[in-house]
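# I would like to see how this sequence folds:
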Amino acid sequence: MSLLITTLVTFVTFYSYLLLIRVLLTWFPTINWYNQPFAALAQITDPYLNLFRSIIPPLGGMDFSPILAFFALNLAGGFLRAIPY
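Next comes the predicted model:
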């Protein structure tokens with residue numbers, strides 16, 4: 001059981017880093033999201049972000065959904081770390 005939990009915690013941490021990179025890259029408007037490696041990053045992270053974009057639509061041109069997405073990932077990671085093995 002501990003191998004499964006450790007793997008899930010590692011996945012949540014790695015996915016958090018991918019989301020952080022995705023959010024930081026949106027600050028650069030000249031990035032073409034159809035070229036690699038940006039297209040792969042968008043394909044990996046956008047389905048998760050779209051879950052939260054349906055809850056919080058962009059307000060005034062600002063997308064606040066990544067805040068909720070990071071919160072949910074951190075919450076899941078905290079629950080996984082709290083499981084005794």
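
# Quick check: which element contains residue 18?
Per DSSP states H and E: residue 18 is located in helix 2-25.

# for stretch 40-48, the distance to its chain's centre please.
Counting by Cα atoms, centre = their mean, to the nearest Å, stretch 40-48 is centred 8 Å from the centre of its parent chain.

# ugh, wrong one, I meant stretch 15-27
Averaging C-alpha positions (Cα atoms, centre = their mean) puts stretch 15-27 7 Å from its chain's average.

# Flag every buried residue along that stretch.
Judged by neighbour count (16 or more other Cβ atoms under 10 Å), stretch 15-27 contains these buried residues: 15-16, 19, 22-23. Any C-beta I mention is one placed from the backbone N, CA and C, and that applies to glycine too.

# Who are the contact partners of the most centrally placed residue in the chain?
The geometric centre of the chain, computed from its C-alpha atoms, lies nearest to residue 19 (Cα atoms, centre = their mean), at 3.6 Å. Contact analysis of residue 19 by Cβ atoms under 8 Å, 6 or more residues apart in numbering lists 45, 48-49, 66, 69-70, 73.
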